[in-house]
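Novice: fold the following, please.
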Amino acid sequence: MIDKIRNIGIIAHIDAGKTTTTERFLFYTGKTYKIGSVDEGTAVMDWMELEKERGITITAACTTCFWKGYKINIIDTPGHVDFTVEVERSLRVLDGAIGIFCAVAGVQPQSETVWRQSEKYKVPRIIFVNKMDRIGADFFRVLEDIKKKLNSNPLILVVPIGKEDEFSGLIDLVEGKVIKYNSEFETDAEVSEVDDEFKEIFEKYRKDMIEQLAEIDERIMEKYLNGEEISKELLKEAIRKATLERKIFPAFCGSALKNKGVLLLLDAICNYLPSPLDRGEIPCVNPITGKRETRKPLTDEKFSGLIFKVYNDIYFGKILYTRIYSGKIKKGETVLNSTRDKKEKILKILEVHANKYSEKSEASIGEIVGLIGLKNTFTGDTICDENYPIIYESINFPEPVIYSAVEPKVKSDYEKVYETLKKILEEDPTLKMKIDEETGQIILMGMGELQIEIVVERLKREYKIPVRLGKPEVAYRETISQICEGVGEFSGIIGEKLNYGYVVLRLEPGEKGEKFKFFNLVDKSKLPLEFIPSIEEGIRECLEVGIYGFPIIDIKVFLVDAIYNKENSTSIGYKIASSIAFKNAYKNGAPVILEPIMRIEILTPEEFIGDVLNDFVMRNGKVLNVEIHGNTGIINGNVALKKVFGYSTVLRSLTQGRGSFIMEPYYYEVVPEEEFKKIVGITTH
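Specialist: The predicted structure follows:
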C-alpha cells in the first residue's frame with residue numbers, strides 16, 4: 001500500500017541527536033534488539049569506523065522499519081557542514097523530514113542550512129526539540145527561535161512536564177493524555193487522562209493549538225466559533241493537511257537519549273508526514289522533445305527513478321542508492337540512463353540497512369533501494385523505462401573552498417592513490433581533484449579540513465594506502481571590479497575548413513554568489529541563434545582559470561556585437577572568438593582576488609567566553625552575536641577561512657578540551673591588499 005509508505009530524513013545541526021533518535025526508532029519498531037549508542041560507538045547507523053571514533057555522522061545511512069502497519073524508510077543525515085552534500089541529495093528524494101533542534105542551543109547555523117535545503121525541495125517537516133533534560137533546556141524559547149530565524153510556523157502538539165533534570169513527561173494535546181516516564185524504557189510509560197494537576201496548562205495550550213488551526217482550516221473554525229467539541233480525528237486530519245501544505249510544522253519535544261518522547265514522534269511520522277501519493281505527480285523533462293512532463297506515483301506507471309548516492313562497497317562494489325518515483329523494476333532488467341543516454345542492466349536490487357544489504361527480486365514506487373550493475377551512472381542521474389525517457393531535476397553541489405596535496409608515502413603507489421580517489425569522488429560530488437602541472441602532485445579540493453582528513457583516513461584504512469597530507473590552502477576565486485569590453489576575431493583553418501567568428505563582449509561585476517550570467521543583446525537578423533551556445537561555451541571555458549590562476553565567479557557577460565559571414569562563420573570560429581574577446585576584456589576589468597568568508601558558530605563553556613572572543617577578534621573575526629544558554633556560550637560570527645586553519649586545536653586548548661565549532665562557506669570577499677601582493681607574488685614566480 002503506497003499510502004502506508006513514509007520516506008523521511010532526520011536533519012539537524014551537528015550533535016543535536018539525529019543518530020540517537022534514529023537508534024530509538026530502530027529499537028522501538030523491533031528492527032534492532034539493543035539500543036545503539038553514539039558515545040559508545042555502537043550506533044547501527046554510524047557504521048563507519050571513523051564515525052564510531054569521532055562520534056559524528058559522515059555518510060547518510062538508510063534503513064527501513066515498520067510501525068503500526070506503516071513502512072518507514074529513514075535516512076539519517078550528517079550534521080557537519082563539510083558533509084552537507086549528504087543532506088542535499090537525501091532531501092532531494094525524501095517526502096518528509098524530522099528537524100531536530102537542541103533544547104539548549106536552539107536554531108544553530110547548520111539547523112538553518114538544512115531547513116533552507118528542505119524548503120528548496122518543498123519537504124514537509126515535523127519539529128523535535130531534543131535534550132529537554134539538559135541544563136538550560138527551554139522548549140518554548142526554541143520554538144520562538146524557529147519562528148524568528150526560520151520564518152516558520154510551529155504548532156505545539158505536546159507540552160513538557162518539568163524541565164532540565166526534572167523533565168519527567170509530556171502532555172499530549174491531541175489525545176488529551178498525560179504521559180509520565182517513570183522507567184528506563186518509553187514503552188513502560190504511565191499514560192493517564194488529564195487530571196486537575198495539569199488541567200489548566202492542558203486547556204491553555206489546547207486552545208492555542210485549536211485557534212492556530214482554525215486560521216487555516218474552515219471546519220475547525222466553524223466548530224470553534226459555534227463552541228462545538230472538536231474530535232481528535234478532525235484535529236489529526238487538519239494537522240496532516242496543514243503539514244503537507246507546509247503551513248505549519250507540528251512541534252514535539254523529549255530526550256531521545258533518555259527514551260522520552262520518541263514513540264509520539266513515530267506516531268507523528270505516520271499521522272502527519274506525506275506518503276509518495278501525497279507528494280503527487282513528479283515534474284520531469286522529455287529529453288527528446290524538451291517538453292515538460294510528469295510521472296504519477298503509481299505501480300502501473302512507466303518505471304523511473306533518481307540516483308541520489310553512490311557508495312563503493314568492498315564486497316558488492318559500486319552500489320547506487322535509488323529513489324523509485326514511478327512503476328517498478330525487476331532484477332535483470334535493462335533501463336535507460338536518460339541523463340547520459342546509456343542503457344544499463346540491473347544485476348542486483350538491495351534493501352539497505354546502514355551497511356548491511358539483503359537482495360530482493362524487485363522494487364516499486366516509493367522504495368529507496370541499492371542497485372548494482374550500472375557502470376556509467378552517477379549521483380543525480382535519472383534511470384527510466386528505455387521506451388519512455390524522462391529526466392528529473394538533478395542535484396546542484398557547492399564548489400570547494402579548500403585544497404591540500406595528497407602524496408603517497410611510497411612513490412609506486414601514485415597510480416593507486418589517483419584511481420582510489422576517483423572512486424571516492426564518485427561518492428562525494430563536493431570533492432574535486434586535479435594534478436598540479438608543475439609538481440605533478442595530486443591536489444584534493446573540498447568543503448573543509450575535516451572532509452579532506454576523512455578521505456585521507458579512508459585511503460589509509462579502507463584501501464590500505466599510506467599517504468601524506470599537505471597543509472591546507474585556500475581555494476581563492478577571482479572576478480572583475482569594473483565594467484570592461486573586448487573584441488575577439490578568429491579566422492583559421494581547422495580540419496581543412498576555414499572557420500570564422502567575430503564577437504564583442506561586455507563584462508560587468510555580478511552580485512555576490514551569482515557565479516555567472518550570460519546575456520545575448522545581438523538581434524537574430526545579425527547573428528543566427530544557432531551560434532549563441534558556442535559563444536557561451538567559449539566564455540564558460542575561460543571562467544575555469546583567470547589572470548591570477550583561479551576560477552572566475554560573480555560576473556555578467558553581454559554579447560553586444562557580432563559579425564556573421566555566411567560562407568565561413570562556424571560554431572568553432574565563434575567559440576574561439578568569444579574566448580579571445582573575453583580574455584581581452586577581462587584584463588581591462590581591474591581583476592581582483594576573492595577569498596572565502598566563513599560563517600562560524602563557536603560553542604564554549606561560559607567561563608571561557610572571554611578568552612575565546614579575544615582569540616577570535618585577533619583573527620580579524622567579526623562577532624555577530626553572543627548568546628548564553630544554561631552554562632554554554634554560543635558565539636556567532638564571520639571570519640576569513642585562512643584565519644581559522646587548525647582552529648580546532650586552538651579552541652580545545654582555550655577551553656580545556658570542551659569547546660567546539662562549526663563553520664560553512666558564506667560568501668567571497670576581496671582579499672586585503674597585503675594578502676593580494678603575497679598571492680600574486682606566489683602565483684607569478
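Novice: list the strands paired with the helix or strand encompassing residue 491, with their directions.
Specialist: Per DSSP states H and E: residue 491 is located in strand 484-494. Strand 484-494 has these partner strands in its sheet, going by DSSP bridges: strand 497-509 (antiparallel).
Novice: how far off centre is whichever helix or strand comes after the strand it pairs with?
Specialist: Remark: after strand 497-509, the chain's next helix or strand is strand 516-520, criterion DSSP H and E. Distance, stretch centre to chain centre, for strand 516-520: 27 Å (CA atoms, centre = their mean, to the nearest Å).
Novice: re earlier: list the buried residues for the strand holding residue 491?
Specialist: Using 16 or more other CB atoms under 10 Å as the test for burial, strand 484-494 gives 484, 485, 486, 488, 490. Placement of C-beta: from N, CA and C, glycine included.
Novice: which one of those residues sits closest to residue 200?
Specialist: Within these, proximity to residue 200 (CB to CB) peaks at residue 484, which comes in at 70.6 Å.
Novice: and the closest one, how far from residue 378?
Specialist: 38 Å (CB to CB, to the nearest Å).
Novice: same question, residue 98
Specialist: For residue 98 relative to residue 378 (CB to CB), the value is 29 Å.
Novice: which one's more surrounded, the two?
Specialist: Under the criterion of other CB atoms under 10 Å, the comparison of residue 98 against residue 378 puts residue 98 first, with 23 against 17.
Novice: may I have the beta-bridge partners of the more buried one?
Specialist: Here residue 98, judged by DSSP bridges, has bridge partners residue 10, residue 126.
Novice: what sits against it?
Specialist: Residue 98 makes contact with 8, 9, 10, 11, 21, 125, 126, 127, 128, 265, 269, according to CB atoms under 8 Å, 6 or more residues apart in numbering.
Novice: could you rerun that using 7 Å?
Specialist: Shown in contact with residue 98 (CB atoms under 7 Å, 6 or more residues apart in numbering): 8, 10, 125, 126, 128, 265.
Novice: mind checking pLDDT for the third one?
Specialist: At residue 125, the pLDDT value in this model is 94.
Novice: ok, it touching residue 118?
Specialist: Yes: counting by CB atoms under 7 Å, residue 125 touches residue 118, with 5.9 Å between them.
Novice: where do the contact lists of the two overlap?
Specialist: residue 97.
Novice: show me the shaky parts of the stretch 251-400 of the chain.
Specialist: Flagging of the stretch 251-400 of the chain using pLDDT under 70 yields the residue ranges 354-355.
Novice: scratch that, the chain
Specialist: For the chain, applying pLDDT under 70 flags the ranges 32-61, 78-86, 354-355, 682-685.
Novice: spatially central residue in it, please.
Specialist: Central residue of the chain (CA atoms, centre = their mean): residue 88, 2.5 Å from the mean position.
Novice: wait, doesn't that residue sit right on residue 117?
Specialist: Yes: if you go by CB under 7 Å, residue 88 and residue 117 touch, sitting 5.7 Å apart.
Novice: and residue 676, how far is that from residue 593?
Specialist: Taking CB to CB, one finds residue 676 at 6 Å from residue 593.
Novice: out of those two, which sits in the busier spot?
Specialist: residue 593 (22 against 16).
Novice: show me the contacts for that one.
Specialist: For residue 593, counting by CB under 7 Å, 6+ apart, the contacting residues are 476, 478, 548, 550, 671, 676, 679.
Novice: so what strands line up beside the helix or strand harbouring it?
Specialist: Using DSSP H and E, residue 593 sits within strand 592-605. According to DSSP bridges, strand 592-605 forms sheet pairs with strand 477-479 (antiparallel), strand 632-640 (antiparallel), strand 660-670 (antiparallel).
Novice: could you look up the next helix or strand downstream of the last one?
Specialist: Once strand 660-670 ends, the next helix or strand along the chain (criterion: DSSP H and E) is helix 673-684.
Novice: buried ones in that following helix?
Specialist: Buried-residue list, helix 673-684, by 16+ other CB under 10 Å: 675, 676, 679.
Novice: swap in stretch 345-365?
Specialist: Buried residues in stretch 345-365, defined by neighbour count with 16+ other CB under 10 Å: 346, 348, 349, 350, 351, 352, 353, 354, 357, 363, 364, 365.
Novice: with stretch 435-452 instead?
Specialist: 441, 442, 443, 444, 445, 446, 447, 448, 449, 450, 451, 452.
Novice: straight-line length of it, end to end?
Specialist: 16 Å (CA to CA, to the nearest Å).
Novice: just give me how far it sits from the chain centre.
Specialist: How far stretch 435-452 lies from its chain's middle: 22 Å, per CA atoms, centre = their mean.
Novice: residues in contact with it: which ones?
Specialist: By CB under 7 Å, 6+ apart, stretch 435-452 touches 80-84, 398, 400-407, 417-418, 421, 430-434, 455, 472, 475.
Novice: hmm, back to that, out of the contacts of residue 593, who's the most crowded?
Specialist: That'd be residue 478 among these, by other CB under 10 Å, with 25 neighbours.
Novice: could you list every residue that touches the closest residue to that one other than its chain neighbours?
Specialist: Spatially, and ignoring its direct neighbours in sequence, residue 478 is nearest to residue 546 (4.2 Å; CB to CB, 6 or more residues apart in numbering). Taking CB under 7 Å, 6+ apart, we find residue 546 in contact with 478, 552, 586, 591.
Novice: burial measure for the last one, as a count.
Specialist: Just to be clear, that refers to residue 591. Neighbour count of residue 591, defined by other CB under 10 Å: 18.
Novice: wait, doesn't it sit right on residue 547?
Specialist: Yes: counting by CB under 7 Å, residue 591 touches residue 547, with 5.1 Å between them.
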